[in-house]
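K.L.:
3D model of this:
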Amino acid sequence: MADGLIPGVRLYAKLEGMQNVGSFKIRGVANMVDKAPAEVLSGNRTLISMSAGNFGRAMAYICQQKNLKGKILMPSTVPKSRIEIIKGCGCDVELQPSANLQPAVDNYVKEQNMVYLHPFDDLNLIAGYGSMGMEILEDCPSPDFVVVCCGGGGLVSGVSAAIKQSGLSPATKVIAVEPVTANTMYLSLKEGHAVHNGAAKSIAAGLAPPFVGENTYAHVKKYVDDVVLVTDEEIKESVSILYKCGLVVEPSGTAAFTAVRCGKIAGVKGKTVVVVLTGSNVSPEELTQLVNYTS
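P.N.:
Numbering: from 1, shown residues only. Model prediction:
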């Protein structure tokens, strides 16, 4: 419990940055790989995906553990440190402009018979993320709010579905949080269908895909109580605040905490609130810039 960090709120933090790949992604990726075709598990076909960092790191780790072949396509702007981590696990890395990532993946699937692991819109991935929802209810029974970041929506889909379908805490509200400059799920709910948002961009790069998936949109529409928005400036401040409390959290990982800290969620005063801190994959150089920015 994070006593006193946000006055008037009984705040609990789910520290997914403590996972052995530094983020929650391992939960979903492990389940996806377990459900992969036999030809993948025997080493006769290659897994492929696209990632700006955390998903790719989790996939590379699983491939290394299971001695599988994998290839990760990454945006050409990604920090070198993330590339080296994935290569260090034995996966191939190919850099592409962001707009070319999906077409390039599709081409590898078509021309080289690779197996695509979608980084957020996959039912096996969502089911894997549901394990977090059950752990939250086990560690903190009947929370009033569970607050989760939302990029493509895979994590909040799994967590919300697990909590709402379990029947263990029917009054719990699940809130999704997006950057205001990458509010693709917010726009999707407003327009009544999954939308593309090519202008999506944020300091929280993991929360800024250009579209949400059909599966994640359906889950969020059914199980999530609200989607709220935070600014990049507020996210940067949260990185610094958490660091000064002894927690290394990447910008994307602070979104849920930021929403509560900045008063974006109505009705949390005096309530029990769980925020998911989703990842710790930020380089020392990036972290120094963020902390010094707000000092």
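K.L.:
Can you pull the domain assignment for the protein?
P.N.:
10-20+123-294, 37-116 (automatic domain parsing).
K.L.:
who's in contact with the helix or strand containing residue 177?
P.N.:
Element membership of residue 177, judged by DSSP states H and E, is strand 173-179. Residues from elsewhere that reach strand 173-179 (Cβ atoms under 8 Å, 6 or more residues apart in numbering): 144-151, 153, 156, 159-160, 163-164, 184-186, 202-204, 207-208, 220, 223-232, 235, 255-256, 258-259, 264-265. All C-beta atoms are positioned from the backbone trio N, CA, C, and that covers glycine.
K.L.:
May I have the strands that pair with that strand, each with its orientation?
P.N.:
If you go by DSSP bridges, strand 173-179 pairs up with strand 145-149 (parallel), strand 226-230 (parallel).
K.L.:
Let's have those in CSV, adding mean neighbour count, distance to residue 275 and mean pLDDT.
P.N.:
Listed next are the strands paired with strand 173-179 as CSV, based on neighbours: other Cβ atoms under 10 Å; distance: least, Cβ to Cβ, whole Å; pLDDT from 0 to 100:
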stretch, mean neighbour count, distance to residue 275, mean pLDDT
strand 145-149, 28, 5, 98
strand 226-230, 21, 12, 98
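K.L.:
want to try CSV for the ones you listed, with distance to residue 64 as columns?
P.N.:
Listed next are the strands paired with strand 173-179 as CSV, based on distance: least, Cβ to Cβ, whole Å:
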stretch, distance to residue 64
strand 145-149, 27
strand 226-230, 35
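K.L.:
Which among the ones you listed is found nearest to residue 286?
P.N.:
Within those, the stretch nearest residue 286 is strand 145-149; the backing value is 17.6 Å (Cβ to Cβ).
K.L.:
Can you list the neighbours in contact with that closest one?
P.N.:
Outside strand 145-149, the residues that reach it (Cβ under 8 Å, 6+ apart) are 133, 136, 155-156, 159-160, 163, 172-178, 204, 207, 252-253, 255-257, 259-260, 265, 268, 271-276, 278.
K.L.:
From those residues, which land in helices?
P.N.:
In helices, judged by DSSP state H, the following of the contacts of strand 145-149 are found: 133, 136, 155, 156, 159, 160, 163, 255, 256, 257, 259, 260.
K.L.:
out of these, which one sits closest to residue 70?
P.N.:
Taking Cβ to Cβ as the measure, residue 70 lies nearest residue 155 of these, at 21.3 Å.
K.L.:
If we ignore the residues flanking it in sequence, what's nearest that closest one?
P.N.:
Leaving aside its chain neighbours, residue 155 sits nearest to residue 129 (5.0 Å; criterion: Cβ to Cβ, 6 or more residues apart in numbering).
K.L.:
From the rest of the structure, what touches the worst-scoring helix or strand of the chain on mean pLDDT?
P.N.:
None of the helices or strands of the chain scores lower by mean pLDDT, DSSP states H and E than helix 284-294, at a mean of 79. Helix 284-294 is contacted from outside by 79, 236, 237, 239, 240, 243, 244, 248, 250, 251, 282, using Cβ under 8 Å, 6+ apart.
K.L.:
now stretch 82-93
P.N.:
So stretch 82-93 is contacted by 52-53, 56-57, 59-61, 63-64, 70-74, 95, 281 (Cβ under 8 Å, 6+ apart).
K.L.:
make it 6 Å
P.N.:
53, 56, 57, 60, 61, 63, 64, 70, 71, 72, 74 (Cβ atoms under 6 Å, 6 or more residues apart in numbering).
K.L.:
same deal with stretch 182-197?
P.N.:
The contact list for stretch 182-197, computed with Cβ under 6 Å, 6+ apart, reads 150, 153, 178, 200, 202, 207-208, 210-212, 214, 217, 220, 227, 229.
K.L.:
Tell me the buried residues in it?
P.N.:
182, 183, 184, 185, 186, 187, 188, 189, 194, 195, 197 (16 or more other Cβ atoms under 10 Å).
K.L.:
Find the nearest non-adjacent residue to the third one, please.
P.N.:
Same thing as residue 184. residue 197 (4.2 Å).
K.L.:
could you point out where this structure is predicted with low confidence?
P.N.:
For the chain, residues meeting the criterion pLDDT under 70 lie at 1-4, 293-295.
K.L.:
Name the helix or strand for residue 233, please.
P.N.:
Here residue 233 is assigned to helix 232-244, by DSSP H and E.
K.L.:
Make CSV from the ones in helices among the contacts of strand 145-149 and add neighbour count and distance to residue 292 to it.
P.N.:
Converted to CSV, the ones in helices among the contacts of strand 145-149 look like this (neighbours: other Cβ atoms under 10 Å; distance: Cβ to Cβ, whole Å):
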residue, neighbour count, distance to residue 292
133, 29, 36
136, 23, 33
155, 30, 29
156, 32, 31
159, 31, 33
160, 28, 36
163, 26, 38
255, 32, 21
256, 30, 24
257, 30, 20
259, 30, 24
260, 25, 25
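K.L.:
Right, I'll call it a day here.
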